Structure formats: C-alpha cells, structure tokens
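Enquirer: I'd like to go over a predicted model; first the sequence, then the structure.
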Amino acid sequence: MQLAFEETDEQLRSRAVDVRVSQLERAFQLAQSGRCTTVADIKRKLREEGYQDDQVEGPLLFGQLNSLMKKSASQSGTGSAQRA
C-alpha cells in the first residue's frame, strides 16, 4: 500500500531536475580528483563534459588549481603537478 505522501521511484525520476555544478566548482573537483595535472587538462575536461571554460582564468585561480593538483599528486604518489 502506498501512502499519499510517498512517491514511487518513477515519480521521483520524472520530477528530477538536472542539477549541474558550476564550471568553477567542477574545475576544483577535477583538480582534487588527481585525473588532471595541468590547468589545460582541467579546461579540456570541462569542454569534454559540456562546460565552457571561460571562467577558468587568472593567476590566482591557476595557483589554487595547481596547488590542489600538486596536493592530489603527492597523496597518490604520481609525482608533482605541472603549471599550465
């Protein structure tokens, strides 16, 4: 028996909104993931995922992303991240 306030999986899926993170948030996720070693890698991956990369600019942001990539690389033992 289904209570009035419960929804079936199908009803939930039909109401689901495609929520994507912002391109900057995704850039930080990629930097932390260890899958990218340069800012150029991050920008390429963003484009592959359907994001624009126009907000991924500037020395402060590049420094933050490079720092995260370097930290991720040192934790995984893959070496140091390169600067883009």
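Expert: Alright, I've got the coordinates.

Enquirer: shaky segments in this protein?
Expert: Applying pLDDT under 70 to the chain flags residues 1-18, 77-84.

Enquirer: rerun that using 90 as the cut-off
Expert: Scanning the chain for pLDDT under 90 picks out 1-20, 75-84.

Enquirer: for the longest helix along it, packing partners?
Expert: Secondary structure of the chain per DSSP state H: the longest helix is helix 59-76. Contact analysis of helix 59-76 by 3 or more CB pairs under 8 Å, 6 or more residues apart in numbering; DSSP states H and E lists helix 23-33, helix 39-48 as its packing neighbours. In this view, the C-beta of every residue, glycine as well, is placed from N, C-alpha and C.

Enquirer: quick one: contacts of the longest one?
Expert: With contacts defined as CB atoms under 8 Å, 6 or more residues apart in numbering, helix 23-33 is touched by 20-21, 36, 41-42, 45-46, 49, 51-53, 55-56, 61, 64-66, 68-69, 71-72.
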